[in-house]
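Undergrad: sequence first, predicted coordinates after that:
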2 protein chains.
Amino acid sequence: MEKKIITISRQFGSGGRTIGRAVAERLGIPFYDKELVEQIAMESGFAPGYVDEHGEHAPGKTAFSYAFAAQGVPGVMQGMSAADFLWNIQCSVILQLAEKGPCVIVGRNADYILKDRPDAMHVFIHADMDYRADRIVNLYGQAEKAPEARLQEKDKRRKLNYQHYTGRDWGKAENYDICLNSGKLGEEACVDFIVHTVQNSK
Amino acid sequence: MEKKIITISRQFGSGGRTIGRAVAERLGIPFYDKELVEQIAMESGFAPGYVDEHGEHAPGKTAFSYAFAAQGVPGVMQGMSAADFLWNIQCSVILQLAEKGPCVIVGRNADYILKDRPDAMHVFIHADMDYRADRIVNLYGQAEKAPEARLQEKDKRRKLNYQHYTGRDWGKAENYDICLNSGKLGEEACVDFIVHTVQNSK
């Protein structure tokens, strides 16, 4: 089936977001990164409505919760933390974005949320520590913490978040259709291959 | 650096070996699969000589053991099992094959054994269970055990073997430069991309 939804998961500093944006530009389709998904979730008007409903109804009785049950997303409406609450709204936003048409979605565990869509292609971008350390210092400058420590902390948080919400191991090759080492292959080669694969999918 | 050594690790039934052979043919370089490496190891004449020496000298005193120490391969010459013994010879064979020149090596944890060679490119091929089950039934016919059970057993053995000898998790994206789902992308697309990447590496 033609692949029109591309999810990109990535190690921090690997250039996954840059690659995702370039893929979207080349394909002429919308690009949603983690921040944009968060913003849409918070501006959706869905949130306040959901809060109201959550306060008034027993768990599991809303159309919203059924939607999640159908997608197999765990932990909905059971004494939710703020993080869980945001996660659930974002799941819904990502499902809706994919429904709207071709796009590139970076982060927010979109690979898992859209794992059952046959028209989705899941990509993981990673790179060696040295490459990523150089890259984040160039991009974001030096910080009090050494770049390696910042990378390890970010990776650890992404890993724990992924495991918590999906029950799967983060960065396991079999969860993705394509995994690329951007440091070894170069960002341009990654973009070329992803675009080529999408354009040649049937 | 120009990539001239290609290691291919793969889930059983994913077509990784077929892809590796096609890559070697397209690049006009030798192809070594697991069976061939085993055969070379057993026919090398290295084995009997090593057995003799092992019987006569204290551990850690041979040029052979120094070679392994330098490569960081664990477990050498410490009350070795037959499996450990074969593993060590195969490590040596793989290091020598890589030294001889460009080639494709499938299996035998060659990604780990050659992880420190800057001219090596490491590939992992995997595919969904359904695709692999169909493929092994077509290739090898039906067996008493269901194909899914055969696949799970083989994967488990590869995983345990890899973990035992390398201390790393098998199938983790960051251990490879390229991981591809052959079932989703098609074997030909995998071959094309690997060949293209090798030919464009600098």
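TA: Looks like it arrived, so ask away.

Undergrad: got the contact list for stretch A:125-144?
TA: With CB atoms under 8 Å, 6 or more residues apart in numbering or on different chains as the test, stretch A:125-144 has contacts from A:8-16, A:19, A:147-148, A:150-151, A:171, A:179-184, A:190, B:173-174. Using the backbone N, CA and C atoms, a C-beta is placed for each residue, glycine as well.

Undergrad: out of the residues you listed, which end up buried?
TA: A:8-16, A:19, A:147, A:150-151, A:171, A:179-184, A:190, B:173-174 (16 or more other CB atoms under 10 Å in any protein chain shown).

Undergrad: list the backbone torsions phi and psi for the spatially most central residue of chain A.
TA: For chain A, the residue nearest the mean C-alpha position is residue A:107 (2.2 Å; CA atoms, centre = their mean). Backbone dihedrals for residue A:107, given as degrees, to the nearest 10, come out at phi 80, psi -160.

Undergrad: now do the same contact list for it.
TA: Counted by CB under 8 Å, 6+ apart, residue A:107 has contacts A:8, A:9, A:10, A:17, A:33, A:34, A:37.

Undergrad: check what pLDDT it gets.
TA: In this model, residue A:107 is scored at 88, pLDDT.

Undergrad: up against chain B, what does chain A have?
TA: A:11, A:121, A:124, A:126, A:171-174, A:176-181, A:184-185, A:189, A:193, A:197, A:200 (CB under 8 Å from any CB of the partner chain).

Undergrad: tell me which helix or strand comes right after the lowest-mean-pLDDT helix or strand in chain A.
TA: The helix or strand of chain A with the poorest confidence is helix A:63-71; it has a mean of 42 (mean pLDDT, DSSP states H and E). Following helix A:63-71 in sequence order, the next helix or strand is helix A:82-100 (DSSP states H and E).

Undergrad: quick check: buried residues in that following helix?
TA: Applying 16+ other CB under 10 Å to helix A:82-100 flags A:84-95, A:97-98 as buried.

Undergrad: return the set of buried residues in the helix or strand containing residue A:24.
TA: Following DSSP H and E, the helix or strand that holds residue A:24 is helix A:16-27. For helix A:16-27, burial by neighbour count (16+ other CB under 10 Å) applies to A:16, A:17, A:18, A:19, A:20, A:21, A:22, A:23, A:24, A:26, A:27.

Undergrad: surely the first one touches residue A:110?
TA: Spelled out, it's residue A:16. No. Residue A:16 is beyond contact range of residue A:110, at 11.9 Å (criterion: CB atoms under 8 Å).

Undergrad: give me the common contacts of the two.
TA: residue A:9.

Undergrad: any idea of the mean pLDDT for stretch A:40-47?
TA: So the average pLDDT for stretch A:40-47 ends up being 62.

Undergrad: which non-adjacent residue is nearest residue A:147?
TA: residue A:133 (3.9 Å; CB to CB, 6 or more residues apart in numbering or on different chains).

Undergrad: where exactly do the strands run in chain A?
TA: Along chain A, counting by DSSP state E, strands occupy A:5-10, A:31-32, A:103-106, A:120-126, A:178-181.

Undergrad: right, and residue A:165 touches residue A:112 too?
TA: Yes. At 7.3 Å, residue A:165 counts as touching residue A:112 under the criterion of CB under 8 Å.

Undergrad: ok, now which ones touch residue A:120?
TA: By CB under 8 Å, 6+ apart, the contact list for residue A:120 reads A:3, A:5, A:6, A:7, A:98, A:114.

Undergrad: roughly how far does it sit from chain B?
TA: Distance from residue A:120 to chain B, counting by CB to the nearest CB, to the nearest Å: 10 Å.

Undergrad: cool, residue A:83 as well?
TA: 25 Å.

Undergrad: state the distance from that residue to residue A:164.
TA: 9 Å (CB to CB, to the nearest Å).

Undergrad: before we move on, what about residue A:4?
TA: 29 Å.

Undergrad: ramachandran coordinates for the closest residue to residue A:158 other than its chain neighbours?
TA: Nearest non-adjacent residue to residue A:158, counting by CB to CB, 6+ apart: residue A:170, 6.3 Å away. Here is the backbone geometry of residue A:170 (degrees, to the nearest 10): phi -80, psi 140.

Undergrad: now do the same contact list for residue A:170.
TA: Here residue A:170 is in contact with A:9, A:158, A:159, A:162, A:163 (CB under 8 Å, 6+ apart).

Undergrad: quick one: contacts for the residue nearest to residue A:19 when sequence neighbours are not counted?
TA: Among residues not flanking residue A:19 along the chain, residue A:190 sits closest, at 5.0 Å (CB to CB, 6+ apart). Contacts here follow CB under 8 Å, 6+ apart; on that basis residue A:190 touches A:15, A:19, A:125, A:180, A:182.

Undergrad: which one of those residues is nearest chain B?
TA: For these, the residue nearest chain B by CB to the nearest CB is residue A:180; the value is 6.1 Å.

Undergrad: mind listing the residues bridging to that closest one?
TA: residue A:125, residue B:178 (DSSP bridges).

Undergrad: tally of neighbours for residue A:143?
TA: 11 (other CB atoms under 10 Å in any protein chain shown).

Undergrad: ugh, typo on my part, it should be residue A:154
TA: Counted by other CB under 10 Å, the residues lying close to residue A:154 total 15.

Undergrad: ditto for residue A:130
TA: 11.

Undergrad: mind pulling up the pLDDT for it?
TA: 93.

Undergrad: same thing with the one 10 residues further on?
TA: Predicted confidence (pLDDT) for residue A:140: 84.

Undergrad: and for it, the neighbour number?
TA: Residue A:140 - counted by other CB under 10 Å - has 11 other residues nearby.

Undergrad: I'd like to know how far it sits from chain B.
TA: 22 Å.

Undergrad: that older thread, from the contacts of residue A:170, which land in helices?
TA: A:158, A:159, A:162, A:163 (DSSP state H).

Undergrad: so how far is residue B:195 from residue A:107?
TA: Counting by CB to CB - residue A:107 and residue B:195 are separated by 31 Å.

Undergrad: tell me where the model's unsure across chain A.
TA: A:41-80 (pLDDT under 70).
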